[in-house]
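*Asks:* Next comes the sequence, and after it the predicted model I'd like to discuss.
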Amino acid sequence: MVKRAGTFIETARKEMANPLSQAFLSVLPPGFAVMKQLSMSSFPDPAAAIELSKAIRQETLTRLPELLEEFEENALSNGARVFWAGDSAAANEYILNLCREKGAAFVTKGKSMITEETGLNSALEEGGIEVFETDLGEFITQQMGRPPFHIVGPAINIPAAEISEIFLEKGIISEPSNDAVALGKSVRAYLRDRFKSVKVGITGINMAVSSSGAIINVENEGNIRLTKSSPETLVAVMSIEKVVPDMNDALHILRILCRHCVGQKISGYVTIDTGPAKQSELDGPKELHIIILDNGRSEIYRDSLTRQALKCIRCGACLNICPVYSKIGGYPYGFAYSGPMGQMLNPLFLGFHRTKDLFSACTLCGACRDACPAGIDHPGLFLYYRSLIAENADQKEKALYASAAAAMQSGLAWRLGIKTARAILNRNARDGYVSSISGIKKGWFSNRDLPEIAKKTFHELWKELNRKDT
Ligand code: SF4
């Protein structure tokens, strides 16, 4: 996938001015958040269920090296082949070589964030292998060359008329149509033809069970199931943190994941594979290749603070509650992961300097931390990232931070600062709000308002009260 993390501010501005994106953002994330709440209430004790999922993710992290070794051993004894990929290039090269070896002119793919992370589609296409995304939303974004808008609904913001236009252009339909169901059916028919003769299928992995070597996928459309059962060769890609100790843990995480993703108690399809198809089985791949990808995660694991990012189960609950995501949507994050999940993960994969706008955009409200069923302290991580940036700040920036710190430590400077800011801001207030201002902070107000600063600060009122009392 194209890495556009450096255009965060520019894309965010564009999305905030886009009425279509704003219309979706005003209903989509809060809708998912309500559905999550409702589905969680089906647990006899929702708080205990969350505590258990946090404990499972913590245990996984603590025992990660040992669990991975056990998983590999069991996957091999089930007949799967396991390849440890150090980075995206190694994973992509393995898959490309395998496609060539199998004489595959094209592959079908189930929705997977990990292959977005590795940029697999471009690598295969550059190598002459055509790629068909089979999740409807992913298929649409692939045709349009756009990144996903939301983890659950990658193309949910794209109007039917635009989809019809691109489908006509690509020969997927022969007549224009604004009927979403008809458009969906045309994709189904188009992909069925590919499934009939596909030689290599590619999926991600939602969970890998250490004690049995099984891999688990969840989905609602059945396209992953078709990608797994149609070809003779299946490649399943997982990052190292996808492992869980045993099936009981996997099933609990599954119940939490589906509820936190879309408010379902369970998804439409859950596929559990232990190795390639056995002789007695009617369908399933003859060869199963499992790629275990590191891609910088060992380094993330070594730092006791960043390590917690590996607990993430990609449920997307943090996106739906985040005030920043709900204003800008998924495009500005510029990489596979968006929202607080992206603000946390993208800097670890792409570097802190390149992505500093992402974690600087956070208000540190803590809503993502409260929503996270994996027990991740996102605000704590963002402060850590910011501290790393501050350490390397230039002299001008350091002087600015130093004067702000000095003002906060001196009562006199603080009171003077408040008085000056109040005079400047309130001069620009209309109906109790400051909506625009000239000068260097002009941009801050281009998409938000600030309530007028109170005529008297708490300290001034307190002083007055004390004076009256005496
Ligand atoms: S950070 Fe937490 S809430 Fe966000 S996607 Fe990951 S597990 Fe879900």
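*Replies:* Sure, I can see it.
*Asks:* Spell out which residues of the stretch 251-400 of the chain are next to the ligand.
*Replies:* Residues of the stretch 251-400 of the chain lying near the ligand by Cβ under 6 Å from any ligand atom: 312-318, 340-341, 371-374, 376. The C-beta positions use only the backbone N, C-alpha and C, and glycine is treated the same way.
*Asks:* Tabulate the residues you listed (a markdown table), appending secondary structure, pLDDT and neighbour count.
*Replies:* Shown next, in a markdown table, are these (DSSP: H, G, I helix; E, B strand; the rest coil; pLDDT from 0 to 100; neighbours: other Cβ atoms under 10 Å):
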| residue | secondary structure | pLDDT | neighbour count |
| --- | --- | --- | --- |
| 312 | coil | 98 | 21 |
| 313 | coil | 97 | 26 |
| 314 | coil | 96 | 19 |
| 315 | coil | 96 | 25 |
| 316 | coil | 95 | 26 |
| 317 | helix | 96 | 28 |
| 318 | helix | 96 | 28 |
| 340 | helix | 97 | 30 |
| 341 | helix | 96 | 28 |
| 371 | helix | 96 | 23 |
| 372 | coil | 98 | 27 |
| 373 | coil | 98 | 26 |
| 374 | coil | 98 | 27 |
| 376 | coil | 98 | 24 |
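*Asks:* And the helices in the stretch 151-300 of the chain?
*Replies:* 160-169, 180-197, 223-229, 247-262, 297-302 (DSSP state H, counting those that start in this stretch).
*Asks:* Now for the closest residue to residue 434 other than its chain neighbours: which residues touch it?
*Replies:* Nearest non-adjacent residue to residue 434, counting by Cβ to Cβ, 6 or more residues apart in numbering: residue 450, 4.6 Å away. By Cβ atoms under 8 Å, 6 or more residues apart in numbering, the contact list for residue 450 reads 425, 433, 434.
*Asks:* Find me the pLDDT at the most centrally placed residue in the chain, would you?
*Replies:* Closest to where the C-alpha atoms of the chain average out (Cα atoms, centre = their mean) is residue 337, at 3.3 Å. Per-residue confidence (pLDDT) for residue 337: 93.
*Asks:* likewise residue 115?
*Replies:* Residue 115 is given a pLDDT of 96.
*Asks:* With residue 441 instead?
*Replies:* 59.
*Asks:* With residue 470 instead?
*Replies:* 61.
*Asks:* I'd like the numbering to begin with 17 instead of 1 from here.
*Replies:* Noted, 17 is the first residue going forward, which turns the last one into residue 486.
*Asks:* can you map out the strands along the stretch 317-466 of the chain?
*Replies:* Ranges of strands within the stretch 317-466 of the chain are 445-446, 449-450, 466-467, based on DSSP state E, counting those that start in this stretch.
*Asks:* So what touches the second one?
*Replies:* For strand 449-450, contacts defined as Cβ under 8 Å, 6+ apart pick out 441, 442, 444, 461, 465, 466, 467, 468.
*Asks:* beta partners of the closest residue to residue 289 other than its chain neighbours?
*Replies:* Of all residues not flanking residue 289 in the chain, residue 231 sits nearest, at 5.3 Å (Cβ to Cβ, 6+ apart). As for beta bridges, residue 231 partners with residue 224, residue 289 under DSSP bridges.
*Asks:* ditto for the one 4 residues further on
*Replies:* For residue 235, the beta-bridge partners are residue 285 (DSSP bridges).
*Asks:* Next, the contact list for it, please.
*Replies:* Residue 235 touches 126, 127, 151, 241, 283, 284, 285, 287, counting by Cβ under 8 Å, 6+ apart.
*Asks:* any idea how far it is from residue 479?
*Replies:* 63 Å (Cβ to Cβ, to the nearest Å).
*Asks:* Which of the contacts of residue 235 sits closest to residue 249?
*Replies:* For those, the closest approach to residue 249 (Cβ to Cβ) belongs to residue 126, at 14.3 Å.
*Asks:* Model confidence score at that closest one, please.
*Replies:* pLDDT, residue 126: 95.
*Asks:* surely it meets residue 245?
*Replies:* No: here residue 126 lies out of contact with residue 245, judged by Cβ atoms under 8 Å, at a distance of 11.3 Å.
*Asks:* Have a look at the two and say which one is more surrounded.
*Replies:* More neighbours surround residue 126 than the other of residue 126 and residue 245, with 26 against 18 (other Cβ atoms under 10 Å).
*Asks:* how near is the nearest residue to residue 434 once chain neighbours are set aside to residue 70?
*Replies:* Excluding the flanking residues, the one nearest residue 434 by Cβ to Cβ, 6+ apart is residue 473, at 5.9 Å. For residue 473, the distance to residue 70 equals 40 Å [Cβ to Cβ].
*Asks:* same check, this time on residue 359
*Replies:* Taken as Cβ to Cβ, the span from residue 359 to residue 70 is 20 Å.
*Asks:* Looking at the two, which has the bigger crowd around it?
*Replies:* A count of neighbours by other Cβ under 10 Å puts residue 359 above the other of residue 359 and residue 70, at 28 against 17.
*Asks:* list the contacts for that one?
*Replies:* Here residue 359 is in contact with 340, 349, 374, 375, 377, 378, 394, 398 (Cβ under 8 Å, 6+ apart).
*Asks:* so can I have a markdown table of those residues showing pLDDT and neighbour count?
*Replies:* Output for those, formatted as a markdown table (pLDDT from 0 to 100; neighbours: other Cβ atoms under 10 Å):
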| residue | pLDDT | neighbour count |
| --- | --- | --- |
| 340 | 95 | 20 |
| 349 | 93 | 30 |
| 374 | 93 | 29 |
| 375 | 93 | 24 |
| 377 | 91 | 19 |
| 378 | 92 | 22 |
| 394 | 97 | 27 |
| 398 | 97 | 22 |
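*Asks:* so which of the residues you listed comes closest to the ligand?
*Replies:* residue 394 (6.6 Å; Cβ to the nearest ligand atom).
*Asks:* before we move on, the earlier item: give me the distance between the residue nearest to residue 434 and residue 483.
*Replies:* 15 Å.
*Asks:* same thing with residue 117?
*Replies:* 86 Å.
*Asks:* Mind listing the residues bridging to residue 98?
*Replies:* The partner residues for residue 98, given DSSP bridges, come to residue 306.
*Asks:* show me the contacts for it.
*Replies:* Here residue 98 is in contact with 88, 91, 92, 305, 306, 307, 308 (criterion: Cβ under 8 Å, 6+ apart).
*Asks:* The residue in the stretch 117-266 of the chain positioned nearest to the ligand: what's it in contact with?
*Replies:* With Cβ to the nearest ligand atom as the measure, residue 167 is the residue of the stretch 117-266 of the chain nearest to the ligand, at 7.3 Å. By Cβ under 8 Å, 6+ apart, residue 167 lies in contact with 129, 277, 330, 332, 335, 346, 354, 355, 357.
*Asks:* Could you list which residues are in contact with the last one?
*Replies:* Residue 357 makes contact with 167, 328, 330, 332, 334, 335 under the criterion Cβ under 8 Å, 6+ apart.
*Asks:* quick one: which of the residues you listed is nearest to residue 433?
*Replies:* After measuring the contacts of residue 357 against residue 433 - Cβ to Cβ - the closest member comes out as residue 334, at 34.2 Å.
*Asks:* Distance check, residue 295 against the ligand.
*Replies:* According to Cβ to the nearest ligand atom, to the nearest Å, residue 295 and the ligand sit 39 Å apart.
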